[in-house]
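A.B. asks: quick one, what's the 3D model for this:
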Amino acid sequence: MTQHETIVGWDGSEPARLALDWAAARESGRSGSVRVVGVVDDTRASVDYLPTESDATAFEARLSAAVSMTRATHPQVHIESELLRGDPLRALLPFTAPDHLVVVGTHRRDKPFFTFGWSLGARLAAEARGPIAVIPEQASPGVERHGVVVAVDGTSTSREAAFFAGREATRTGQDLTILHAWQLLPLWQDALPPTESSLGSVASEHQALLDTVEAEVRAHLPGLITSTLLVQGAAATSILARAATAALLVVGNHRPGHPHSFRMGSVSHAVVVHLSVPTVVYGPSTREL
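C.D. replies: Okay, here's the model as predicted:
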């Protein structure tokens, strides 16, 4: 893999087409490269269905056609493709790295939450060694999308996510909104019922966190137009609502320290399985892309 290469996980679906288009558009501004990894999922074999060589041949032909069409649309982008067989998650994980962005599509969320609790995008983000972009089917195709939104919480991971979001905003000529959501813990409210004064004091502390991140991003990227947004409410719900018309949402993933292999923070997980805009999950130790 080369520097600044974007990897696309492709399965022939409409979300995969959108993911490929998004990745090619992202690289077009810097004449970068895209590697399209088509994965024939042979783990779905059952008594009623067994993948055949003809299925793989047809899949490869569709992959080749998709790549040719994207090359015609984005001639300045170098696009390569390869075909793999196996479990899509295990096939794509080796492509994740701190200096590469892996892009996958996801279907519109029109079924119960548990159906999508561990979508490919969510599972990749949980185990990846680098950032993952999840591109959804457009729930509202007529909505005009603009701006980059990044959610921060004061951790070093969210700070790095803010820098990444700032670079994406700069490269695409967008403004950056730095969002922080907060709420009082129920136990705290029971022990010490909030007053207008105490709420104002807590809100000021959270605004100071936002102001610090904004100042750091501006120092890192002079000339970038930024704004801050402080929201009192549940983090995931607040992030999704404020980013509904954004061109891109960026969230950090803290990976809670438990032995389960799917290590994803509750907020980033909730955002990924409910998202309606292109979203990058930015994990710890991801270098500049």
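A.B. asks: any stretches of the stretch 1-150 of the chain with poor pLDDT?
C.D. replies: Applying pLDDT under 70 to the stretch 1-150 of the chain picks out residues 1-4, 44-52, 108-118, 139-142.
A.B. asks: next, please give the residue ranges for the strands of it.
C.D. replies: Per DSSP state E, counting those that start in this stretch, the stretch 1-150 of the chain carries strands over the ranges 5-10, 33-40, 78-85, 101-106, 132-136, 148-151.
A.B. asks: now the stretch 151-289 of the chain
C.D. replies: 176-182, 226-232, 248-252, 279-282.
A.B. asks: what residues of stretch 223-234 count as buried?
C.D. replies: Within stretch 223-234, the residues that count as buried by 16 or more other C-beta atoms under 10 Å are 224, 226, 228, 230-231. (C-beta placed from N, C-alpha, C; glycine too.)
A.B. asks: got JSON lines for these, with distance to Q138 and pLDDT too?
C.D. replies: Output for these, formatted as JSON lines (distance: C-beta to C-beta, whole Å; pLDDT from 0 to 100):
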{"residue": "L224", "distance to Q138": "27", "pLDDT": "97"}
{"residue": "T226", "distance to Q138": "26", "pLDDT": "97"}
{"residue": "T228", "distance to Q138": "28", "pLDDT": "96"}
{"residue": "L230", "distance to Q138": "29", "pLDDT": "95"}
{"residue": "V231", "distance to Q138": "24", "pLDDT": "93"}
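A.B. asks: show me which of these is closest to F163.
C.D. replies: Closest approach between the buried residues of stretch 223-234 and F163, by C-beta to C-beta: L224, at 10.6 Å.
A.B. asks: so what's that closest one up against?
C.D. replies: 166, 169-170, 175-176, 217-218 (C-beta atoms under 8 Å, 6 or more residues apart in numbering).
A.B. asks: for R171, same thing?
C.D. replies: Applying C-beta under 8 Å, 6+ apart to R171 gives the contacts 29-30.
A.B. asks: ok, back up a step: now, of the contacts of L224, which are buried?
C.D. replies: Applying 16+ other C-beta under 10 Å to the contacts of L224, the neighbour count classes 166, 169-170, 176, 217 as buried.
A.B. asks: one step back: could I get the strands of the stretch 151-289 of the chain in JSON lines, plus columns for distance to S54?
C.D. replies: Output for these, formatted as JSON lines (distance: least, C-beta to C-beta, whole Å):
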{"stretch": "strand 176-182", "distance to S54": "49"}
{"stretch": "strand 226-232", "distance to S54": "53"}
{"stretch": "strand 248-252", "distance to S54": "39"}
{"stretch": "strand 279-282", "distance to S54": "36"}
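A.B. asks: so G233 sits against A181, correct?
C.D. replies: Yes. When contacts are counted by C-beta atoms under 8 Å, G233 is listed as touching A181 (5.8 Å).
A.B. asks: returning to that earlier point: what two of the buried residues of stretch 223-234 are the furthest from one another?
C.D. replies: Among the buried residues of stretch 223-234, L224 and V231 lie farthest apart (C-beta to C-beta), at 21.6 Å.
A.B. asks: distance from the chain centre to stretch 60-73, please.
C.D. replies: Chain-centre distance of stretch 60-73: 24 Å, with C-alpha atoms, centre = their mean, to the nearest Å.
A.B. asks: just to revisit the earlier point, so which of the contacts of L224 belong to helices?
C.D. replies: Among those, the ones falling in helices (DSSP state H) are 166, 169-170, 217-218.
A.B. asks: look up how far G105 lies from L124.
C.D. replies: Distance of L124 to G105, given as C-beta to C-beta, to the nearest Å: 12 Å.
A.B. asks: equivalent analysis for G283, please.
C.D. replies: 20 Å.
A.B. asks: so where do the helices sit in the stretch 151-289 of the chain?
C.D. replies: Residue ranges of the helices in the stretch 151-289 of the chain, as given by DSSP state H, counting those that start in this stretch, are 156-172, 186-191, 196-220, 235-242, 266-274.
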